[in-house]
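here is my input, please return the structure:
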Amino acid sequence: MPLVRRDRVARGLPVHVYGKCEFLNPGGSVKDRLALALVNDAEQRGMLQPGIRCGSNRREH
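Residues are numbered from 1 along each chain as shown. Now for the predicted structure:
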């Protein structure tokens, strides 16, 4: 996974600080993998089928 050195963030610190570039991860981000696992589980349980619309339960006003 690509890392980027964050010099401005670490200014004044005696260490280097790095940040992960999740958007460049070919395997997707942690959130992407979690969402896929939830969808796959719902499909296997029969809770989610083709043509079913997913979304918020909030009412539109």
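
show me where this structure has strands.
For the chain, the strands defined by DSSP state E occupy 3-5, 18-20.

out of those, which one sits most buried?
Highest mean neighbour count among the strands of the chain (mean count of other CB atoms under 10 Å): strand 18-20, with a mean of 12. Backbone N, C-alpha and C define where each C-beta goes, glycine included.

now stretch 30-43: average pLDDT?
For stretch 30-43, the mean pLDDT works out to 84.

one step back: which one of the strands of the chain lies closest to residue 40?
Closest to residue 40 of the strands of the chain, according to CB to CB: strand 18-20, at 24.7 Å.

ok, residues contacting the closest one?
The contact list for strand 18-20, computed with CB atoms under 8 Å, 6 or more residues apart in numbering, reads 1, 2, 3, 4, 5, 6, 9.

what pairs with that strand, parallel or antiparallel?
Sheet pairing of strand 18-20 (DSSP bridges) gives strand 3-5 (antiparallel).

now the strand it pairs with: how far from the chain's centre is it?
Put simply, strand 3-5 sits 19 Å off its chain's centre (CA atoms, centre = their mean, to the nearest Å).

if we can go back for a sec, residue 22: which of the contacts of strand 18-20 is nearest?
residue 1 (7.5 Å).

make JSON lines from the contacts of strand 18-20 and add pLDDT and distance to residue 52 to it.
Supplementary listing: the contacts of strand 18-20 in JSON lines, determined by pLDDT from 0 to 100; distance: CB to CB, whole Å:
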{"residue": "1", "pLDDT": "62", "distance to residue 52": "34"}
{"residue": "2", "pLDDT": "78", "distance to residue 52": "37"}
{"residue": "3", "pLDDT": "86", "distance to residue 52": "40"}
{"residue": "4", "pLDDT": "90", "distance to residue 52": "40"}
{"residue": "5", "pLDDT": "92", "distance to residue 52": "45"}
{"residue": "6", "pLDDT": "92", "distance to residue 52": "43"}
{"residue": "9", "pLDDT": "87", "distance to residue 52": "44"}
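
cool, thanks, signing off.
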